[in-house]
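*Asks:* the following block contains a protein sequence and its predicted model.
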Amino acid sequence: MKKEILLLKGKNILIVEDDPVFRTMLVGFLKSQECQVREAEDGLIGLRALKDEIPDLLLCDLSMPVMTGMEFVEEVALQYPMIPVIVISGTGNMTDVAQALRLGVKDFLIKPIDNIMVLKSSIISVLKLQDSARQKQQDFSQRWIIDGDDSGLVEEELQWHISELKNNPQAARELLMGLMPDLQSRCGRWKLSYRALQAAEISPVIFDYIWLIDGQLAFYMVDTSSGGENSTATALLIRACFNDFLRQQGNYLSSVQHLVTQIELGLQYSGYATPVKGLFGVFNLAEKQLHLIAAGLGGKLQVGEQCAMITAGQWLGDKACDNPLIILPMSDVGGRLSLCDIEHVNFSVNFETVI
C-alpha cells in the first residue's frame, strides 16, 4: 500500500472528459490519492493543455463533442507518443476500443466503473510499467505479460478484464476483429493480403504479421473458438508474446521454433491461458521458402499447380506439444496459404510479387 501511495503521489494526470459529473468524480478520487490533476472538457482543450505541460498519464473518453475521443487519441499518438493513455469508454463499442489499442493506448476501461479500485489498479500498473520500461514501447497487449513484483500489482485489474470478456462474448469478438491488421501490406516487391469470411456468432480466427528486417515475414493464425471461455484472453496474450518477442529481437527472428517456444512459455506462466489451435510461419522472401509450425491448425499451400497439405499437429499450449518444422518452397510469384477443416471460417493468406 505504501508503495502505491508513493507511486501516485505528485503524479501529473490530465483528464479529458466531457461528462462533468464523471469528470468531477475522477478529479476528486485522484486528488485524494495526492495526484496533481488537470481537466479538459473536450479534445481541443486537451491538446492545448498538453502544449502547456506534458502529464505523467492521460485519461480520456472516446465519445466527446467538438473533437471525438478517437481523433484526440490519434493526435496524442502522433504528437506525444511518450504519454501513456488510458481510455475510459462509455460507448461499449469494441471496434472503437480495438482501434484505440492499435494506436498504443495502455489500457481501456468501460463505463460505468462500479469499483473505483479497478481504475486505481489500472493507473498504478501503467505508471509502474512506464517507469520500469522507459525505453520499451508497450501497448495494452504487452501488459498481459507480467511477472515478478508486478504480478500482484495488476492481478485485480487483469481479472476484471478477463471477467468482462467472458461475460460479453460479442464484445470480445468485436475486440478481436478490431485488432486484425490491414487487409494488405507491401515490403519491396512482395505483397501480403488475406481474406477472411467468418461466422458472426462464433469467436473468430485471428491473424497478425510483422515484416522483419532480414527479408522475412513472420505471421500467425489462431482459432479463438477452440479456446473456451478464456479464448479472448489467450488470444491477447499470444498477440502480446508475438509482438513483444520480435520487438526485443530487433525485428529479427532466427527460427520459427524459437518464436513458438517463447509463446508456449508465455501461455504456461500466465495462469489463465488455455490451449488453442494455431499456425505459425515465417516467409523467407530471399530464399522463397515458407517455414511453418502447425499447432492445431491444418491447411494447404497452393503454389501454381502444386498443392502441399499441412497436418494440424498438437494444439498450442499443450504441455506435450512438440510439432515439427515444415519447410515448403514458394515460386517467384508467391503462393496461397489456406486453412482447412474449420467449418465456421474461410481463411487464406496470399504472398505475391507486385510490379
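*Replies:* Right, received. Where do you want to start?
*Asks:* give me the number of residues near E74?
*Replies:* 15 (other CB atoms under 10 Å). (Each C-beta comes from the backbone N, C-alpha and C, glycine too.)
*Asks:* do T234 as well
*Replies:* Residues lying near T234 (other CB under 10 Å) number 27.
*Asks:* can you give me the distance of it to A273?
*Replies:* Distance, T234 to A273, using CB to CB, to the nearest Å: 4 Å.
*Asks:* residues shared between the contacts of those two?
*Replies:* Listed as contacting both T234 and A273 by CB atoms under 8 Å, 6 or more residues apart in numbering are L267, G317.
*Asks:* pLDDT below threshold where in this structure?
*Replies:* In the predicted model of the chain, residues 1-6, 91-92, 129-161, 319-321, 355 satisfy pLDDT under 70.
*Asks:* buried stuff in stretch 263-279?
*Replies:* Buried residues in stretch 263-279, defined by neighbour count with 16 or more other CB atoms under 10 Å: I263, E264, G266, L267, S270, A273, T274, P275, V276, K277, G278, L279.
*Asks:* typed the wrong thing, it's stretch 201-220
*Replies:* Applying 16+ other CB under 10 Å to stretch 201-220 flags 202-212, 216-220 as buried.
*Asks:* cool, stretch 165-174 as well?
*Replies:* Buried residues in stretch 165-174 (16+ other CB under 10 Å): L165, N168, A171, A172, R173, E174.
*Asks:* and the closest residue to P84 other than its chain neighbours, how far from L292?
*Replies:* Take P84 and drop its neighbours on the chain: the residue closest to it by CB to CB, 6 or more residues apart in numbering is K106, 4.7 Å away. Between K106 and L292 the distance is 33 Å, computed by CB to CB.
*Asks:* tell me where the stretch 51-200 of the chain has helices.
*Replies:* All helices of the stretch 51-200 of the chain, identified by DSSP state H, counting those that start in this stretch, fall at 69-79, 94-102, 116-132, 150-167, 169-178.
*Asks:* any chance of the ones you listed in TSV, with distance to D19 too?
*Replies:* Shown next, in TSV, are the helices of the stretch 51-200 of the chain (distance: least, CB to CB, whole Å):
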stretch	distance to D19
helix 69-79	12
helix 94-102	17
helix 116-132	15
helix 150-167	21
helix 169-178	21
